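> Here's my sequence, what's the structure:
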Amino acid sequence: MDHHLDDAQIHQEWNNALPPRLEIEPGDTVVFDCRDAANRYYRRSSTHDDVMGRGPFRGHPLTGPVRVKGARPRDVLVVEILEVKPAEFGWTAIRPGRGLLPEADFSKPYLQIWDLSDGRFARAGTHIAVPLDPFPGVMGTALDEPGGHSTMPPRKNGGNMDIKQLTAGSTLYLPVWMDGALFSVGDTHGVQGDGEVCVTAVEMSGRVTARFGLQAQRGLAEPQLRTTRAPSAAAPAGSWFATTAHGPDLFAASQQAVRYMIDHLVRERGLSREQAYILCSVTVDLKISEIVDAPNWIVSAFLPEGVFV
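Prediction:
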């Protein structure tokens, strides 16, 4: 069955007490209208001065929650991303003191408005045209912790992962922590580099179409994904499987992402742990998917599945 969820009602925190806006069956498809990360604050006519006038961040405006019938803790919610449709314009902002580089490097606010109207490129004037590759920056399930929790850092439920490979045709595997999963989505991006270093991508409103499934009692600790988007231009074409790990230490997160990949190779491909570790060293690409949403960063480990013959 197909459903549509508009963005007239949003929420801006992870809170398992929020009532679901929609209940679906596994196998159903949902079209989500999503607001941009600034909650429609910017316009085509916005200027650099508007960056500081926006005020403090109050949370990503998310569309949801969606309750999936039959979903139970330790299940995995399978999210097949079918389409991500861009808006007519997008924006990227530098806000002093935010992002990878300190205020000493960039002491003044700056705003870039992008023209997305042709559906193919993010255009800045006549001299820059970045090919669009849209994806939702935030997708997640409800946490098994009471109260409200910020949408800014990525978490064990997914959330603000900003993994640029989660475009149409990709599949996200999310841990279920609460009955019904309670899935929400938002923060649609037109295109983004790994790391999202100035803290904003080509931010935009968008429309996300996804199909949902369940894997019973798979017991993932953190999100995983499968995609045909290679992690680099030199990487081989085909299907890629990725594990993710979040935390405040990139080295520790890199270790954990590799451990998850070893577990996957042992379980799904029948390798020994030693064989899996060696395969990680010769084929797996570690990517810093996001490094600006304190206190947690995201490291993704990408495995080319074409190595299995």
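> use CA for all of it now, contacts and neighbours both
Will do.
> If we go by neighbour counts, what in stretch 54-73 is buried?
59-68, 71-73 (16 or more other CA atoms under 10 Å).
> Now do the end-to-end distance for that stretch.
With CA to CA, to the nearest Å as the measure, stretch 54-73 spans 38 Å from end to end.
> and what of stretch 138-153?
Start-to-end span of stretch 138-153 (CA to CA) is 10 Å.
> Now that stretch: average pLDDT?
On average, the pLDDT along stretch 138-153 is 97.
> ok so, going back, pLDDT and distance to E222 for the buried residues of stretch 54-73 - can I get that in TSV?
Listed next are the buried residues of stretch 54-73 as TSV, based on pLDDT from 0 to 100; distance: CA to CA, whole Å:
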residue	pLDDT	distance to E222
G59	96	21
H60	97	21
P61	98	23
L62	98	20
T63	98	22
G64	97	21
P65	98	19
V66	98	20
R67	98	20
V68	98	19
A71	98	17
R72	98	16
P73	98	13
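> Would you map the strands across the stretch 51-200 of the chain?
In the stretch 51-200 of the chain, the strands defined using DSSP state E, counting those that start in this stretch lie at 62-68, 76-86, 89-94, 110-115, 121-124, 128-131, 135-140, 154-155, 158-160, 171-175, 183-189.
> do you know which of those lies nearest L265?
If you check each of these against L265 by CA to CA, strand 171-175 wins as the nearest, at 16.0 Å.
> What helices and strands are in contact with the closest one?
Using 3 or more CA pairs under 8 Å, 6 or more residues apart in numbering; DSSP states H and E as the contact test, the elements touching strand 171-175 are strand 76-86, strand 224-227.
> any chance of the ones you listed in TSV, plus mean neighbour count, distance to P136 and mean pLDDT?
Output for those, formatted as TSV (neighbours: other CA atoms under 10 Å; distance: least, CA to CA, whole Å; pLDDT from 0 to 100):
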stretch	mean neighbour count	distance to P136	mean pLDDT
strand 76-86	22	8	98
strand 224-227	23	14	97
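> now the helices for the stretch 151-300 of the chain?
Taking DSSP state H, counting those that start in this stretch as the criterion, the stretch 151-300 of the chain carries its helices at 250-269, 273-283.
> residues of the shortest one that come out buried?
Taking 16+ other CA under 10 Å as the basis for neighbour counts, the residues of helix 273-283 that come out buried are 273, 276-277, 279-280.
> Dump those to CSV, plus distance to M204 and pLDDT.
CSV is the format used below for these (distance: CA to CA, whole Å; pLDDT from 0 to 100):
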residue, distance to M204, pLDDT
R273, 43, 93
A276, 40, 93
Y277, 39, 93
L279, 38, 90
C280, 35, 92
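> Turn the buried residues of stretch 54-73 into TSV, including distance to L214.
Listed next are the buried residues of stretch 54-73 as TSV, based on distance: CA to CA, whole Å:
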residue	distance to L214
G59	28
H60	26
P61	26
L62	22
T63	20
G64	18
P65	16
V66	14
R67	12
V68	9
A71	7
R72	9
P73	11
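> any idea which of the residues you listed is closest to Q9?
T63 (7.2 Å).
> Tell me which residues touch A8, please.
Neighbour list for A8: empty [criterion: CA atoms under 8 Å, 6 or more residues apart in numbering].
> I'd guessed P109 sits against T47; true?
No: taking CA atoms under 8 Å as the definition, P109 is not a contact partner of T47, at 9.7 Å.
> picking that back up, from the buried residues of helix 273-283, pick the one nearest L214.
For the buried residues of helix 273-283, the minimum distance to L214 (CA to CA) is 26.6 Å, reached by A276.
> Please consider this matter closed, and thank you.
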